[in-house]
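In: Give me coordinates for this.
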Amino acid sequence: MALIKNCLDKEPKWGVDCWFAENATIVGDVTMGDHCSVWFNAVIRGDVNSIRMGNKVNVQDGAVIHCTYQKAATTIGNNVSIGHNALVHGCTIEDNVLIGMGSIVMDDCYIESGSIIAAGAVLLEGTRVESGSVYAGVPAKKVKEISPELFEGEVMRIANNYLKYSGWFKEDQ
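Out: Okay, here's the model as predicted:
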């Protein structure tokens with residue numbers, strides 16, 4: 001069972017059909033929807049502010065989701081993939097977004113629907129990502145529009161695959 005901890009009388013809550021790895025950590029004021037998965041060594045820490053996650057969100061191995069005390073909560077929409085070792089902090093992510101492996105999303109960033117943040121990208125504080133675009137680099141900048149093939153082949157494929165992968169582990173419980 002994952003490490004699930006209350007903090008300041010706030011307890012994590014989640015919907016139906018979620019799966020959490022045994023060494024995932026979920027703390028405090030965290031609410032997530034249905035069909036979410038939190039993978040090995042991932043941390044979702046709602047101790048200093050709130051974290052709200054929609055349905056079908058996968059938080060991959062080693063990722064960290066946090067927020068800033070009295071300043072920046074974190075809101076994540078539906079059908080969002082947070083890649084391995086990504087850091088998502090005090091920001092808003094709309095629906096159907098892929099946050100690439102090892103990327104960093106800082107406070108007050110706003111990522112519109114249907115976007116990809118490339119692996120290793122760093123979104124500086126306050127960056128707004130346009131819907132349907134790919135941002136890459138350090139600091140991250142828009143590099144191209146997302147084609148329908150890229151959207152289906154990456155954003156949707158990864159979200160759907162992680163729903164399938166979590167099912168493999170649910171069968172063993």
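In: what packs against the longest strand seen in the chain?
Out: Assignment by DSSP state E gives strand 43-53 as the longest strand of the chain. Packing contacts for strand 43-53, counted by 3 or more C-beta pairs under 8 Å, 6 or more residues apart in numbering; DSSP states H and E, involve strand 25-32, strand 64-66, strand 74-76. Every C-beta, even on glycine, is put in place using the N, C-alpha and C of the backbone.
In: just checking, next helix/strand downstream of the first one?
Out: Same thing as strand 25-32. Using DSSP states H and E, the helix or strand that follows strand 25-32 in sequence is strand 37-38.
In: Within the sheet, what are the partner strands of that following strand, with directions?
Out: Each strand paired with strand 37-38, and its direction, by DSSP bridges: strand 19-20 (parallel), strand 58-59 (parallel).
In: contact partners of it?
Out: When contacts are defined by C-beta atoms under 8 Å, 6 or more residues apart in numbering, strand 37-38 is touched by residues 2, 18-21, 24, 26, 44, 57-59, 162-163, 165-166.
In: Of these, which is the most crowded?
Out: Counting neighbours by other C-beta atoms under 10 Å, residue 59 comes out on top of those with 31 neighbours.
In: Give the bridge partners for it, please.
Out: Here residue 59 sits in beta bridges with residue 38, residue 82, going by DSSP bridges.
In: Report whether the expected contact of it with residue 40 is present.
Out: No. Contact criterion C-beta atoms under 8 Å: residue 59 and residue 40 do not qualify, at 10.4 Å.
In: Which neighbours do the two have in common?
Out: Common neighbours of residue 59 and residue 40 (C-beta under 8 Å, 6+ apart) are residue 24.
In: follow-up on the earlier one: out of the helices and strands packed on strand 43-53, which gets nearest to residue 103?
Out: Taking C-beta to C-beta, strand 64-66 is the member of the helices and strands packed on strand 43-53 nearest to residue 103, at 11.5 Å.
In: From the chain's centre, how far out is that closest one? Work that out for me.
Out: In terms of C-alpha atoms, centre = their mean, to the nearest Å, the gap separating the centre of strand 64-66 from the centre of its chain is 8 Å.
In: buried sites along the longest helix seen in the chain?
Out: Using DSSP state H to define each element, the chain has its longest helix at helix 157-170. Neighbour-count burial for helix 157-170, with 16 or more other C-beta atoms under 10 Å as criterion, is recorded at 158, 159, 162, 163, 166.
In: separation between the last one and residue 16?
Out: Okay, so that is residue 166. Distance from residue 166 to residue 16, counting by C-beta to C-beta, to the nearest Å: 13 Å.
In: Appreciated, that's everything.
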